[in-house]
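1. I would like the atomic coordinates for the input below:
(2 chains)
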2 protein chains.
Amino acid sequence: MTFLNDVAQEYPDAVSFAAGRPYEGFFDLGDVHRYLDRFVAHLRATSGGDEARVRRTLLQYGRTKGIIHDLVARNLAVDEGIEADPESIVVTVGCQEALFLTLRALRRTERDAVLAVVPCYVGLSGAAELAELPVLPVENSAAGIDLDDLVRVVERAKADGRRPRACYVVPDFANPSGASMPRATRERLLELAEEHDFLLLEDNPYGLFHQAAARPPTLKALDRSRRVVYLGSYAKTGIPGARIGFVVADQTVDVGAGDPVPAEGGRPARSETLADQLAKIKSMLTVNTAPLAQAVIGGKLLAHDCDLRAANARETRVYQDNLRRVLDGLAERFPAGSSPSVSWNAPTGGFFVILTVPFPADDALLALSARKHKVLWTPVHHFYGDGVARHQIRLSFSQLTPDEIDRGLDRLAAFIGEQSASPRQGDAR
Amino acid sequence: MTFLNDVAQEYPDAVSFAAGRPYEGFFDLGDVHRYLDRFVAHLRATSGGDEARVRRTLLQYGRTKGIIHDLVARNLAVDEGIEADPESIVVTVGCQEALFLTLRALRRTERDAVLAVVPCYVGLSGAAELAELPVLPVENSAAGIDLDDLVRVVERAKADGRRPRACYVVPDFANPSGASMPRATRERLLELAEEHDFLLLEDNPYGLFHQAAARPPTLKALDRSRRVVYLGSYAKTGIPGARIGFVVADQTVDVGAGDPVPAEGGRPARSETLADQLAKIKSMLTVNTAPLAQAVIGGKLLAHDCDLRAANARETRVYQDNLRRVLDGLAERFPAGSSPSVSWNAPTGGFFVILTVPFPADDALLALSARKHKVLWTPVHHFYGDGVARHQIRLSFSQLTPDEIDRGLDRLAAFIGEQSASPRQGDAR
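-> From the prediction side, this is the model:
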């Protein structure tokens, strides 16, 4: 993604549909002080007036699994209907650390692999590369995953001597596709995970930004057999600059790094939770997540009774309005049946829309679009990891104003029109 | 270390010589707000009044290599006489992440290995285990490293087809040994690194807590050929709860994960700094270090003109007084020539003293010491990683009051006397 950042820095006056970052219009530095104070008051109330303990909790080295795990558990109950044991939660340095810890724990042998729907979030591919866990691609569909292909990939992997340990999915408003899984798909996915014995890694950074009553339950809320490792982030719903994420890992696993070794009676001699295993890895990686950063998010959770859906009502409205404006704007500029032939999907929430264009969109075309038309977008091929240009681009609208969206779509239409009429005509200029 | 934490929690009324944590007596929650405000004022002054940019820098996703790199560079110049290009600095989630990033970057092939003086800090062993980089042990000496053994280990490794990429050292008040390297040892170590072509990983968490004018320059200050990767921590000199460390990695390395492939003329086709390579790995691991946590440390640096030696004058006095009290207290309780025969080293700073006792000190004895004598210490065998009990224990004195030190040493003398007279007599009670 370095190239994308470079392009963005080189053309600061371009409209950027590239960065999937949260809206900044409501950022308030005063919040940081208020949330810190709120969390300190909470610590005082729960520490029986032991001021030294309050100071130690915030300023000293801290608990490996975190200090806001109880508040995270309450937040999951309120916002997602997930009942999580606070001891099964590890608070991490953003969701990215949670991804790495989980993949690193799942790689026990060279046979292990992780499944992922492609196009796939680059954070998953990056963490898997670092953990040296191969990613086996599964086809996407309008339902967010092609379940038939999933079974094929699992069976082929097993036939090849591999162990597909888990399947990574973003069931709500996936990045980059924006697709969401219907409830029936979620239920069937849970059955398949049980049947073929793999875990589901559910990543849910965007789920809260939905239209009321329009969203099916998370996989973790439907999970009755601890098949789901739930990966959460407060980068979009809390404060990105605190870098706080978490993982719910309530699975029972065997102690030791090798394959399970059943003791007499067929049961492992000792077991622990996956969360405890992740904590051991974390102790070698970052020791613990900054208590001061956790305190800011803890304070925000407390200030809103752990209801971040309510706390993000303004943000949700911005994202929903922007989504509507992008979809309406595309329909105006590319009427059905007209030329060039451009189509797009219609997510009901999240940060992203996928546009299908009549030419392969690569980094060179992005550079041209930035230079000549002052509009940025993300080539979808970055989410395949094979370097082959696709006819698709990702539009992110989370950081833009309505005016910027209109201006950006005008420029995008001009760029697409030019490319469709005479491919790469701008290259020589 | 889980066992040690468990023992500490089980006996809260025990005196603990076990935890190597910074002194808490000067902790002040008001500092957090003051330092945040100080850093915000600095950002305002350097952002030309662009308030949106100030908010974005603190609250949005941030620069992978960090936002206080310029202040870290100034701090290194003031406190350590190190001239570092801010672009060669990566701000990390504590020094532990810096260790992992560096070791992970150094492991390019299965032949690669890292050298380390044993007994060795468990954070290094843990990071190496996670990065799957073998650790080749080098003998310790009163000078902090046995240079002859270093050469032997390097030559033997090369003869075995291995590539010793780097040697990890804590030249100032090492953990656990407390030993420091004389200037001549440092200079010779730099020559050997050059001669045998390996890097030096210099970890310096305790160097600032020295008696004035009593400390030789850091390896990095002496480094003229970019042989030293410098690992820093603000956990002891800043605020532990911010979890801010950093690495200075100004080496030029070849682009790509494999071995260097010289292009025509014998020079690699493309190169970048090791810092940029670490940043790429970090982007897959934690994305970036929480800007809010960096801001707190940045504010502390600004509030003290980047002079943390001065900012830690009170803490240094506590550590030096405690060290003196431990050494004097040991001399009183174990006079020369008396029985039991107990000896210890005499560091001139840092957090640790090593005690040599007339029996192998293992975890079972620690549990006995905690239960019967209410005094905790760390068995040194944990720093060898081979599970073989040594006749040595580590005493940490950084967190104790003078009274606690006296009481703890009384208890320790009783425990040692009992064990020396009749080993493990307390076991049955």
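2. and the residue in the stretch 251-400 of chain A positioned nearest to chain B, what does it touch?
-> Closest to chain B within the stretch 251-400 of chain A is A:Met284: 3.4 Å, counting by CB to the nearest CB. (C-beta placed from N, C-alpha, C; glycine too.) Neighbouring residues of A:Met284 by CB atoms under 8 Å, 6 or more residues apart in numbering or on different chains: B:96, B:100, B:123, B:126-127, B:129-130.
3. farthest-separated two in the residues you listed?
-> Greatest spatial distance in the contacts of A:Met284: B:Gln96 and B:Glu129, 12.6 Å, computed using CB to CB.
4. And the two? Which one has more around it.
-> For B:Gln96 versus B:Glu129, the count of surrounding residues by other CB atoms under 10 Å in any protein chain shown is larger for B:Gln96: 25 against 17.
5. in a strand, that's where the more buried one is, yeah?
-> No: per DSSP: H, G, I helix; E, B strand; the rest coil, B:Gln96 lies outside any strand segment and is helix.
6. who's in contact with the nearest residue to it once chain neighbours are set aside?
-> Leaving out its chain neighbours, the residue that sits closest to B:Gln96 by CB to CB, 6 or more residues apart in numbering or on different chains is A:Val287, at 4.8 Å. Shown in contact with A:Val287 (CB under 8 Å, 6+ apart): A:61, A:64, B:93-94, B:96, B:123, B:243.
7. Among those, which ones are in strands?
-> Counted as lying in strands by DSSP state E, out of the contacts of A:Val287, are B:Val93.
8. Dump the contacts of A:Val287 into JSON lines; add distance to B:Ile297 and pLDDT as well.
-> Below are the contacts of A:Val287 laid out as JSON lines (distance: CB to CB, whole Å; pLDDT from 0 to 100):
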{"residue": "A:Tyr61", "distance to B:Ile297": "15", "pLDDT": "93"}
{"residue": "A:Thr64", "distance to B:Ile297": "21", "pLDDT": "96"}
{"residue": "B:Val93", "distance to B:Ile297": "12", "pLDDT": "98"}
{"residue": "B:Gly94", "distance to B:Ile297": "11", "pLDDT": "98"}
{"residue": "B:Gln96", "distance to B:Ile297": "16", "pLDDT": "98"}
{"residue": "B:Gly123", "distance to B:Ile297": "19", "pLDDT": "97"}
{"residue": "B:Arg243", "distance to B:Ile297": "9", "pLDDT": "98"}
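9. B:Ser338: which of the contacts of A:Val287 is nearest?
-> B:Gly123 (37.1 Å).
10. thinking again about what came up before, the residue of the stretch 251-400 of chain A closest to chain B in helix, strand or coil?
-> Per three-state DSSP, A:Met284 ends up helix.
11. likewise the one 4 residues further on?
-> Reducing the assignment to helix, strand or coil with three-state DSSP, the entry for A:Asn288 is coil.
12. okay, the contacts of A:Met284 in TSV with secondary structure next?
-> TSV is the format used below for the contacts of A:Met284 (three-state DSSP):
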residue	secondary structure
B:Gln96	helix
B:Phe100	helix
B:Gly123	helix
B:Gly126	helix
B:Ala127	helix
B:Glu129	helix
B:Leu130	helix
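13. a markdown table for those, including distance to A:Val7?
-> Shown next, in a markdown table, are the contacts of A:Met284 (distance: CB to CB, whole Å):
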| residue | distance to A:Val7 |
| --- | --- |
| B:Gln96 | 34 |
| B:Phe100 | 30 |
| B:Gly123 | 38 |
| B:Gly126 | 39 |
| B:Ala127 | 34 |
| B:Glu129 | 39 |
| B:Leu130 | 34 |
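14. and the stretch 251-400 of chain A, which of its residues are near chain B?
-> Residues of the stretch 251-400 of chain A lying near chain B by CB under 8 Å from any CB of the partner chain: A:280-281, A:283-293, A:296.
15. Now rank these by neighbours and give me the top one.
-> Counting by other CB under 10 Å, top hit in those: A:Thr289 with 34 neighbours.
16. which ones are touching that residue?
-> A:62, A:66, A:91-93, A:97, A:244, B:93, B:243.
17. what do you get if the cut-off is 6 Å, keeping everything else the same?
-> A:Thr289 makes contact with A:66, A:91-93, according to CB atoms under 6 Å, 6 or more residues apart in numbering or on different chains.
18. now A:Arg394
-> A:176, A:352, A:354, A:378, A:380.
19. Buried ones in the helix or strand harbouring it, by neighbour count?
-> Per DSSP states H and E, A:Arg394 falls inside strand A:390-396. Residues of strand A:390-396 classed as buried: A:390, A:392-396 (neighbour count, 16 or more other CB atoms under 10 Å in any protein chain shown).
20. again with stretch A:183-202
-> Across stretch A:183-202, burial judged by 16+ other CB under 10 Å covers A:185-186, A:188-190, A:192-193, A:198-202.
21. domains for chain A, by residue range?
-> Using automatic domain parsing, the domain parsing of chain A gives A:2-20+A:312-428, A:29-305.
22. from the middle of its chain, how far away would the last one be?
-> A distance of 10 Å separates the centroid of the chain from that of domain A:29-305, by CA atoms, centre = their mean, to the nearest Å.
23. So for the residue positioned nearest the centre of chain A, what's the nearest residue that isn't a sequence neighbour?
-> Central residue check for chain A by CA atoms, centre = their mean: the C-alpha nearest the mean position is that of A:Pro205, 4.5 Å away. Nearest residue to A:Pro205, sequence neighbours excluded (CB to CB, 6+ apart): A:Ser233, at 4.5 Å.
24. Return the distance of that neighbour relative to chain B.
-> For A:Ser233, the distance to chain B equals 11 Å [CB to the nearest CB, to the nearest Å].
25. Equivalent analysis for A:Gly417, please.
-> For A:Gly417 relative to chain B (CB to the nearest CB), the value is 33 Å.
26. Which single residue of the stretch 51-200 of chain A ends up nearest chain B?
-> A:Gly126 (3.5 Å).
27. For that residue, give me its contacts.
-> B:Met284.
28. From B:Lys282, how far off is it?
-> 10 Å (CB to CB, to the nearest Å).
29. Next secondary structure after the helix or strand bottoming out on mean pLDDT in chain A?
-> Least confident helix or strand, chain A: helix A:2-10 with a mean of 77, by mean pLDDT, DSSP states H and E. Remark: after helix A:2-10, the chain's next helix or strand is strand A:15-16, criterion DSSP H and E.
30. what about chain A, any weak spots by pLDDT?
-> Counting by pLDDT under 70, chain A shows low-confidence ranges at A:1-2, A:213, A:256-269, A:423-429.
31. remind me, longest strand of it?
-> Every strand in chain A considered (DSSP E), the longest is strand A:352-361.
32. now for that strand, which elements pack on it?
-> Under the contact definition 3 or more CB pairs under 6 Å, 6 or more residues apart in numbering or on different chains; DSSP states H and E, strand A:352-361 sits against strand A:343-344, strand A:390-396, helix A:402-421.
33. Next, count neighbours for A:Asp386.
-> A:Asp386 has 9 nearby residues by other CB under 10 Å.
34. State the distance from it to A:Val380.
-> Using CB to CB, A:Asp386 is found at 12 Å from A:Val380.
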